[in-house]
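Q: Dropping the sequence and predicted coords here.
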Amino acid sequence: WLHQRGELLPNLVRLGGTGVAVLIALRMVETGRPLLALAAAAAGWFWWKTQGGKTLGGKTFRGKTLAIGEAAKARALLGVARDADTDAIQAAWRRQMATAHPDAGGSAAAAQALTAARDLLLARQPE
């Protein structure tokens, strides 16, 4: 479900970066370098805080608050109305992807833009 909601990759990057910082901090403690360990731990904490923030209910997306214009652009890209429900958004995405996908002669950038628009609009749907 993380992949469907567009949260898998950001969470992997967040956990991976923090894990690397923790491993470096542990290694510094083992070798008797507490100041470097503290610096690595601080870097890991900073990474964790800056890479987070993608909460769908709080309407944040990749750490940034959603602008009203972004949803309007996403609706225009998919060709859906402001009050479109989940089924309408999914149907519009499938219809657009039929020509935008690289396998159908489209471009990867177009497919990514459509997927991002779909994910953004689905994230804004009421539960």
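A: Received, thanks.
Q: Could you chop this protein up by domain?
A: Domain assignment for the chain by automatic domain parsing gives 8-52, 64-123.
Q: is it possible to export those domains to CSV including mean pLDDT and mean neighbour count?
A: For the C-beta atoms, the positions are set from N, CA and C on the backbone; glycine is no exception. CSV is the format used below for the domains of the chain (pLDDT from 0 to 100; neighbours: other CB atoms under 10 Å):
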stretch, mean pLDDT, mean neighbour count
domain 8-52, 85, 14
domain 64-123, 86, 15
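Q: what's near enough to touch Asp85?
A: Shown in contact with Asp85 (CB atoms under 8 Å, 6 or more residues apart in numbering): Gln125.
Q: From Ala40, how far off is it?
A: Using CB to CB, to the nearest Å, Asp85 is found at 47 Å from Ala40.
Q: Just say helix, strand or coil for the residue located most distally from the centre of the chain.
A: What lies farthest from the middle of the chain is Gly32; by CA atoms, centre = their mean that is 38.1 Å. What DSSP: H, G, I helix; E, B strand; the rest coil gives for Gly32 is coil.
Q: Phi and psi next, for it.
A: Per-residue torsions, Gly32: phi 80, psi 30 (degrees, to the nearest 10).
Q: just use 291 as the starting number from now, easier for me
A: That works, and once the first residue is 291, the last one we named lands at Gly322.
Q: Now do the strands in this structure.
A: For the chain, applying DSSP state E gives strands covering 350-351, 354-355.
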